[in-house]
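J.: Sequence and predicted structure below; questions after.
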Amino acid sequence: MSKIKLSVDFDSLFPGKVFKIKDQEITIYPLNIQQISYVIKKVNTLIPEFEKKNISFDNLGTPENMFNMVSIIMDNAPEILSELTGIEEESIKKLPVSYAIELFSTALEVNIESKDDLQKNFNGLSKKMMNLIPAEEKKKK
């Protein structure tokens, strides 16, 4: 059986959010599976740096920790912010820290919304899958 190549507009599948830098608007889209894998690998290499500054997912929401995290990313792996936003790395490096933090925050917001939608889809899928399992099989579990 031959496989079908999709010819859909993938950007329409990933609704984004507009971020404005001066007079230029950039649409930040949720990451696709390949991008998520890339970003996770890159972020994992920075965990020792985050730990030195006592940054964790539990305390990421504080302004100081957000500033420190974005600073670490900008110093060690600006390609993460580039991947999250679709802005070329050289332009990312030239941004003032305040813009980089706001940009990073917006990219996280877009991807959290995407994750929430994905979670709803998985919940719906799991309910449908449970309906396919015969009642006697459900009792065994």
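T.: Perfect, thanks for sending it.
J.: going forward, measure contacts between C-alpha atoms and count neighbours the same way
T.: Will do.
J.: Report the central residue of this protein.
T.: Centre of the chain computed as the mean C-alpha position; nearest residue by C-alpha atoms, centre = their mean is residue 111, 4.2 Å away.
J.: For that residue, give me the pLDDT.
T.: On the pLDDT scale, residue 111 is placed at 81.
J.: Kindly report the same for the one 3 residues further on.
T.: With respect to pLDDT, residue 114 has a value of 64.
J.: hmm, back to that, so what's the residue nearest to the centre of the chain closest to, chain neighbours aside?
T.: Closest residue to residue 111 apart from its sequence neighbours, by C-alpha to C-alpha, 6 or more residues apart in numbering: residue 30 at 4.9 Å.
J.: just residue 20 next, same as before
T.: In space, residue 20 is closest to residue 26, 6.2 Å off (C-alpha to C-alpha, 6+ apart).
J.: ok, the one you found - contacts?
T.: Shown in contact with residue 26 (C-alpha atoms under 8 Å, 6 or more residues apart in numbering): 18-20.
J.: got a winner among those residues for most neighbours?
T.: The most crowded member of the contacts of residue 26, judged by other C-alpha atoms under 10 Å, is residue 19 (16 neighbours).
J.: can you confirm it is in a strand?
T.: Yes. The assignment for residue 19 (DSSP: H, G, I helix; E, B strand; the rest coil) places it in a strand.
J.: roughly how far is stretch 35-50 from the heart of the chain?
T.: In terms of C-alpha atoms, centre = their mean, to the nearest Å, the centre of stretch 35-50 is found 12 Å from the chain centre.
J.: buried stuff in that stretch?
T.: Across stretch 35-50, burial judged by 16 or more other C-alpha atoms under 10 Å covers 39, 42, 49-50.
J.: Same list, those residues, but as CSV with secondary structure and pLDDT please.
T.: Formatted as CSV, the buried residues of stretch 35-50 follow (DSSP: H, G, I helix; E, B strand; the rest coil; pLDDT from 0 to 100):
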residue, secondary structure, pLDDT
39, helix, 91
42, helix, 93
49, helix, 93
50, helix, 92
